[in-house]
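> Sequence and computational prediction follow.
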Amino acid sequence: MTDKNQTLGFIGIGLMGKPMVYRLLDAGYKANIWNRTPEKLIELENAGAKAFNSIEQLVTASDVILLCLKDTGVVEDVVLNHILGRARAGQLLIDLSSIDPQKTRDLAATLFDKCGVSWVDAPVSGGVCGAEQGDLAIMAGGADKDIAIARVVLAPLYKQLTHMGAVGSGQITKICNQMIVSCNVMVIAEMIALAKATGVNAEKISEALAGGFADSKPLQILAPEMASETFEPVKWRVQTLLKDLNMAVNLASKQASSIPMSGLAAQLMQCHASKGYAMQDPATLIKLFDKDNA
């Protein structure tokens, strides 16, 4: 088990990473931090985190390493080209990123075989708001003893952490999560566009549907934003949903499984992203269906 005397090394200070580190600091952990853009470290340094100029230095100075990175390629680069040379037996790596399940298994096996470092894949759901409030849902894959440590380390971040099985199973569960979220977001966008076109007060849709079978967190967050075309601040990104939908399509292809709704959502998401919205909030998906924005 871990304790507050152990030092956490957090790699990736983005929309999710920043509030996560704040909560870990508030919980009493010592946190080493690194980010590709050093400017993003200054605020957390002022809050008590220790910034490092290189991943290698951070790994050497940390007991538990946490990743919160953009995609599979970035995680692979960080692990193979920076962590692998400095990691030591007994360390634990917890990957909070959402990446390819098979690549997760491959990287975990390499890190353990060459360094004796264990791996927990622990992708999260709940967005920036969930990270700020510490009520994320975490779906985790790994050995029982490593999951036990992750439960303690990540306690300031989650409302529930579910052990889904061996390494890689957390990532598969996150893909399942994103299939539901992405299809939900897409139908919310087309529904709000239809409501506006027919003269309904679309800004009251989320209120009208609250508590019913159509209610959901995406509905309560996105429907008012889509109706009022409030796209700032960016809380999550179109490209994140697209990345995860593409992983769903690839996983389904390998399993010879049909996912027509998620496949169509991926195509629509790609169309939207290609129009310059990849780095924008998914609330902008209303522009795909609103005739006023056509």
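That came through fine.
> Need the residues that contact the strand or helix carrying Ile205.
Secondary structure from DSSP states H and E places Ile205 in helix 205-209. For helix 205-209, contacts defined as CB atoms under 8 Å, 6 or more residues apart in numbering pick out Met191, Ile192, Ala195, Asp215, Leu219, Gln220, Ala223, Pro224, Ala227. Using the backbone N, CA and C atoms, a C-beta is placed for each residue, glycine as well.
> Could you rerun that using 10 Å?
The contact list for helix 205-209, computed with CB atoms under 10 Å, 6 or more residues apart in numbering, reads 188, 191-192, 195-196, 200-201, 214-216, 218-227.
> mind checking how far Asp144 is from Arg151?
11 Å (CB to CB, to the nearest Å).
> List the residues that are in contact with both of the two.
His163.
> quick one, which of these two is more surrounded?
Arg151 (18 against 7; other CB atoms under 10 Å).
> Quickly find the element holding the more buried one.
helix 144-153.
> could you say what helices and strands the helix or strand following that helix packs with?
Where DSSP H and E defines the elements, the next helix or strand beyond helix 144-153 is strand 158-165. In terms of contacts (3 or more CB pairs under 10 Å, 6 or more residues apart in numbering; DSSP states H and E), strand 158-165 is packed against strand 124-125, helix 127-133, strand 136-141, helix 144-153, helix 169-197.
> in the helix holding Ile205, what's buried?
Ile205, Ser206, Leu209 (16 or more other CB atoms under 10 Å).
> quick check, nearest of those residues to Lys50?
Nearest to Lys50 among these is Ser206, at 42.0 Å by CB to CB.
> That closest one and Ala252: what is the separation?
Separation of Ser206 from Ala252 (CB to CB) stands at 31 Å.
> got it, and Pro233?
Counting by CB to CB - Pro233 and Ala252 are separated by 33 Å.
> ok, these two, which is more surrounded?
Ala252 (17 against 8).
> residues contacting that one?
Ile175, Met179, Ser258, Ile259, Pro260, Ser262, Gly263.
> Torsion angles phi and psi at the fifth one?
In this case it means Pro260. Dihedral angles of Pro260 (phi, psi; degrees, to the nearest 10) stand at phi -60, psi -40.
> before we move on, the earlier item: buried stuff in the following helix or strand past the helix holding Ile205?
Downstream of helix 205-209, the next assigned helix or strand under DSSP H and E is helix 217-228. Using 16+ other CB under 10 Å as the test for burial, helix 217-228 gives Pro218, Leu219, Ile221, Leu222, Ala223, Pro224, Glu225, Met226, Ala227.
> Could you tell me the angle between helix 217-228 and helix 169-197?
Here helix 217-228 points in a direction 40 degrees away from that of helix 169-197 (axes from the mean of the first three to the mean of the last three CA atoms, to 10 degrees).
> What is helix 217-228 packed up against?
Using 3+ CB pairs under 10 Å, 6+ apart: helix 217-228 touches helix 127-133, helix 169-197, helix 205-209.
> Looking at those helices, which is nearest to Asp290?
Of the helices and strands packed on helix 217-228, nearest to Asp290 by CB to CB is helix 169-197, at 4.5 Å.
> Can you tell me the element Gly263 falls in?
Judged by DSSP H and E, Gly263 forms part of helix 260-272.
> Kindly calculate the angle that that helix makes with helix 169-197.
Using the same axes, to 10 degrees: helix 260-272 against helix 169-197 is 70 degrees.
> How far does stretch 203-213 sit from its chain's centre?
In terms of CA atoms, centre = their mean, to the nearest Å, the centre of stretch 203-213 is found 27 Å from the chain centre.
> Span of that stretch from start to end?
19 Å (CA to CA, to the nearest Å).
> Near His163, how many residues? Count them for me, please.
Using other CB under 10 Å, His163 has 21 neighbouring residues.
> shouldn't it be in contact with Met139?
Yes. If you go by CB atoms under 10 Å, His163 and Met139 touch, sitting 8.7 Å apart.
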